[in-house]
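> the following block contains a protein sequence and its predicted model.
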Amino acid sequence: MASTGGRVDAFEQVNHVWSMLNSLRENDPEAYRTFIENQMKGVAEFRAPPELHFSLRTEIEGPNKGPLYINICSWNRVPMRQDPSRPLPICAGKLERGRDEGEIRYTVADVALNPAVLQEHEDKSEICMLVLSFAQKHFSMRLSLQYTVVNCSPKSSPDDLYQRLGFRQRPHGSKQPDTASQTPGALLQKIASLRSETQDEDTAAQIICGPAEHKKTNFIEVISTTYVQPQKPQYQLEMKSGASGVPHSLELTVELPKIRSMSDCQLRISKDDVLLEVEGVYYLLLEFPQIINEDTASAIFNKKKRILTLRVDVV
């Protein structure tokens, strides 16, 4: 009986809101239109993709040394901290590695904060130190605290940011509702549907980031969702040598019990590392002990054993 009463109260509240909006629509059409447009604007802002605010460059001191670029992004989906005593929400994407024109290896990382947080801190040094502290903990790196602020970094295009932060592009051409012809009830249902759709997409796409320590305990808060972070599969990397004992090839075997076909896997190979990714299931970024010849790479997937075998010659 108590739960039924609760539903009745909720319906009464909704009907009351609709009645007020109907009255506003009839007596003050301009105010009604402004109200609906503001509601739709809020949904559109929440659905907007992450945007690059600025980047910083520092050095990884271990375990894999080299330049690190961190893209600091503005994203409305990262919530504001409601209380200064509470942790600051922050979101992180997946690491990506590359080489510049001078063949120097670098790493790229992305972090996202609410736009209001970035606007509040005009002194970029505060944000930079916060982000460096977070990155060390989250990515398990030892970083230099010396950094340089740059306008952008390698692999900082919108598509790069969307992919690493887990954002899904929406189809173009979506139209704003006709506020003049639709009833308040229909419009409110449309707005609620858009918010629910966005939340469902976020659950599927959001990257879960781990907590980091700063000057205050729990200064950074995990953005929690029901999304399960891809797991690191079991693997074995073996160096193959000839009769003379000179290494001539590498063989990588990866156990993928949740995969049925090679088509489910994304495999990228460079001369010094390999990335194996199955969206939402597996993620393996592995550095080769020796430089390899990418052109000799071959991969076979054993459907019965669910094992992927990669073979490649060393240089």
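Thanks, I have it.
> how's this protein carved up into domains?
Per the record, the chain has its domains at 8-47+170-205, 51-166+207-222, 235-313, by automatic domain parsing.
> lowest-confidence helix or strand of the protein?
Here the helix or strand of the chain ranked lowest by mean pLDDT, DSSP states H and E is strand 220-222, holding a mean of 45.
> name the residues of the helix or strand just after that one that are buried.
Moving toward the C-terminus from strand 220-222, the next helix or strand (DSSP states H and E) is strand 235-241. Using 16 or more other Cβ atoms under 10 Å as the test for burial, strand 235-241 gives Tyr235. Where you see a C-beta, it was placed from the backbone N, CA and C, and this is true even at glycine.
> cool, and stretch 84-101?
Judged by neighbour count using 16+ other Cβ under 10 Å, the buried positions of stretch 84-101 are Pro87, Leu88, Pro89, Ile90, Cys91, Ala92, Gly93, Lys94, Leu95, Glu96, Arg97.
> in this structure the second one contacts Ala116, no?
So that's Leu88. No: the criterion here is Cβ atoms under 8 Å, and Leu88 misses it with Ala116 at 11.3 Å.
> give the residue spans of this structure that score low on pLDDT.
Along the chain, the parts satisfying pLDDT under 70 run over 1-18, 36, 38-47, 168-229.
> that older thread, okay if I get the buried residues of stretch 84-101 as a markdown table plus distance to Lys232 and secondary structure?
Formatted as a markdown table, the buried residues of stretch 84-101 follow (distance: Cβ to Cβ, whole Å; DSSP: H, G, I helix; E, B strand; the rest coil):
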| residue | distance to Lys232 | secondary structure |
| --- | --- | --- |
| Pro87 | 27 | coil |
| Leu88 | 28 | strand |
| Pro89 | 26 | strand |
| Ile90 | 23 | strand |
| Cys91 | 21 | strand |
| Ala92 | 17 | strand |
| Gly93 | 17 | coil |
| Lys94 | 12 | coil |
| Leu95 | 13 | coil |
| Glu96 | 16 | strand |
| Arg97 | 16 | strand |
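> out of those, the closest to Asp264 would be?
Lys94 (17.9 Å; Cβ to Cβ).
> quickly find the element holding the closest residue to the closest one other than its chain neighbours.
Among residues not flanking Lys94 along the chain, Arg164 sits closest, at 5.0 Å (Cβ to Cβ, 6 or more residues apart in numbering). Element membership of Arg164, judged by DSSP H and E, is helix 158-165.
> outside of that helix itself, list whatever touches it.
49-52, 71, 73, 75, 91, 93-94, 96, 108, 110, 112, 167-169, 207 (Cβ atoms under 8 Å, 6 or more residues apart in numbering).
> what do you get for stretch 232-243?
Contacts of stretch 232-243 (Cβ under 8 Å, 6+ apart): 247-256, 276, 282-284, 286, 288-290, 314.
> rerun at 6 Å
With contact meaning Cβ atoms under 6 Å, 6 or more residues apart in numbering, stretch 232-243 is reached by Pro247, His248, Ser249, Glu251, Leu252, Thr253, Val254, Glu255, Leu256, Tyr282, Leu284.
> buried subset of those?
Neighbour-count burial (16+ other Cβ under 10 Å) applied to the contacts of stretch 232-243 gives Ser249, Leu252, Thr253, Val254, Leu256, Tyr282, Leu284.
> of these, closest to Pro230?
Nearest to Pro230 out of the buried ones among the contacts of stretch 232-243 is Tyr282 (Cβ to Cβ; 5.5 Å).
> what pairs with that closest one across the strands?
Tyr282 has these beta-bridge partners by DSSP bridges: Gln231, Val278.
> ditto for the one 4 residues further on
When assigned by DSSP bridges, Leu286 has beta-bridge partners Val274.
> neighbours of the nearest residue to Tyr69 once chain neighbours are set aside, how many?
Excluding its sequence neighbours, the residue lying closest to Tyr69 (Cβ to Cβ, 6+ apart) is Ser153, at 3.5 Å. Using other Cβ atoms under 10 Å, Ser153 has 21 neighbouring residues.
> likewise Glu37?
Applying other Cβ under 10 Å, we find 13 other residues in the vicinity of Glu37.
> how about it, secondary structure?
With DSSP: H, G, I helix; E, B strand; the rest coil as the basis, the three-state label of Glu37 is helix.
> just read off the phi/psi values of Ile70.
phi -120, psi 120 (degrees, to the nearest 10).
> how close does it sit to Leu237?
29 Å (Cβ to Cβ, to the nearest Å).
> before we move on, what about Ser298?
16 Å.
> spit out the contact partners of His53.
His53 neighbours (Cβ under 6 Å, 6+ apart): Ile72, Cys73, Ser74, Leu118.
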